[in-house]
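[1] the following block contains a protein sequence and its predicted model.
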Amino acid sequence: MNGLLVVVLVGGGVAGYLVFFASGSDASSASAVRTAAVSSRDVAEVVTAAGAVQSGYSASASFSGSGTVNSVDVKVGDVVTKGQKLASVDTAQASLQVTIAQNNVNQAYQTLVDAQARGTSTPQQQTNLDSAVLARDAANEALAATTLTAPGDGTVTSVTGKVGDKVGGGSSGSSTPSTGTGTGTAATTSTTASGFAVITDLKNFVLHANVAESDVNKLKNDQTAVVTVNALPGQQVQAKVTNVDLLPTTSNNVVQYGVDLALTSPPAALKPGQSASVEITVASATGVLAVPSASVSTLGAASTVTVLENGAETRKSVEIGVRGDQYVQVTSGLSENDQVVLPQVATGTGTQQQGGTRAGTGFPGTGTGTGNAGVGGGRVGGGTGTGPGR
């Protein structure tokens, strides 16, 4: 009889233990629900990309005629204006060609005039005069090209030639081949321009970046952006989209599109070639109802959120507007101060009632268990417990 009484008492204690902690687990679960209030705020969707700072203008200047360089009038670092003299080659050969061409014009003209006076002029004589004039004009252009001038305003960033160098048509000197073409002021607008001299605008900068193909349709000219230069941490530079490439580049099966952004008031320490990251605002809304992005579930064109009402969770359909990384604009389906449920945050540690190990109370021996099972075992989660009991 006494033995039976002991069993009943112990059994009652175990039952009480389980009921007490089971109810504690439910309370803990309810209190663990994370919510956020629907509130009014600004929401922005941004596209991120990486790129490099470039000069807004960089051009090369190369001699188009042949000759020997007899003067170099600038050095690297000099600030020049469009049309300013950079260098020159000796003019003896070019001047001789002008003299010869002018004599040919004079002769052709006199021949035509004499023939007209006799009434024996022919169309060929007029053609000869026209050809001579064209040749004289070309000779004058060659003479002018013996002086190399700046193709635009900027700073001299490269001079590859020196006095005594031999230059030929399109050559920049004896040391480096030129990419320049045309006259003495020929230029290219490539940021990798090379020639006898290179002029670069170091006051106006652009950022050239590459964006993913999934984002390119969101971009258009005049969108605002924020640029962060790796070499100048903590300094954000405002920018604006000026061009989006129509054709992509593909590398390692990754398709990207180039985008150019003009930098507004760039820092004085900024230099071409520095790497940078950019956040382009592609959509924005000011003072709108919004919820944390994590609370919104979207499948196809349908979006839903879970709302906590009177302690119960209710699923609601919503219409969304601007979708930012942190917040999403809600255009219908919710009211301000509604409480939306956030996803649970997984943790690696627990309390006595939520995982880990727990000392048992009960019969001597060992026991293991999951959930609420097992006297002397872990109560919640996969915890295990051992103990001599009491």
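    In hand now; what should we look at? Numbers count the residues shown, from 1 in each chain.
[2] can you give me the end-to-end span of stretch 68-78?
    23 Å (CA to CA, to the nearest Å).
[3] Provide a list of residues in contact with the nearest residue to Phe63 once chain neighbours are set aside.
    Nearest residue to Phe63 in three dimensions, chain neighbours excluded: Val167, at 4.4 Å (CB to CB, 6 or more residues apart in numbering). Just so you know, the C-beta spots here come from the backbone N, C-alpha and C atoms, and that holds for glycine as well. By CB atoms under 8 Å, 6 or more residues apart in numbering, the contact set of Val167 is 62-63, 65-69, 89, 161, 173, 196.
[4] just the residues contacting the helix or strand hosting Thr331, thanks.
    Here Thr331 sits within strand 327-332, counting by DSSP states H and E. Strand 327-332 has contacts (CB under 8 Å, 6+ apart) with 38, 41, 43, 285, 288-293, 296, 305, 318-323.
[5] Phe205: how many residues sit nearby?
    Using other CB atoms under 10 Å, the number of residues around Phe205 comes to 24.
[6] with Asn337 instead?
    9.
[7] next one: Leu247
    Using other CB under 10 Å, Leu247 has 6 neighbouring residues.
[8] please apply the same query to the one 5 residues further on.
    The criterion is other CB under 10 Å. On that basis, Asn252 has 4 neighbouring residues.
[9] over to the one 5 residues further on?
    Under the neighbour criterion other CB under 10 Å, Tyr257 is assigned a count of 20.
[10] ok so, going back, can you say which of the contacts of Val167 are buried?
    In terms of neighbour count (16 or more other CB atoms under 10 Å), the buried residues within those are 62-63, 65, 67, 69, 89, 161, 173, 196.
[11] make a markdown table from these and add secondary structure to it.
    Formatted as a markdown table, the buried ones among the contacts of Val167 follow (DSSP: H, G, I helix; E, B strand; the rest coil):
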| residue | secondary structure |
| --- | --- |
| Ser62 | coil |
| Phe63 | coil |
| Gly65 | coil |
| Gly67 | strand |
| Val69 | strand |
| Val89 | strand |
| Gly161 | coil |
| Gly173 | coil |
| Phe196 | coil |
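[12] okay, who's weakest in the residues you listed by pLDDT?
    Across the set of the buried ones among the contacts of Val167, Gly173 stands lowest in pLDDT, at 35.
[13] next up, the contacts around Ala212.
    Ala212 is in contact with 255-256, counting by CB under 8 Å, 6+ apart.
[14] I'd like the distance between it and Thr249.
    12 Å (CB to CB, to the nearest Å).
[15] and Gly51, by the same measure?
    In terms of CB to CB, Gly51 sits 12 Å off from Thr249.
[16] now for those two: what residues contact both?
    Asn210.
[17] quick one, which of those two is more surrounded?
    Gly51 (20 against 11).
[18] does the residue nearest to Phe63 have beta-bridge partners, and which?
    Gly67 (DSSP bridges).
[19] having no further points to raise, I will conclude here.
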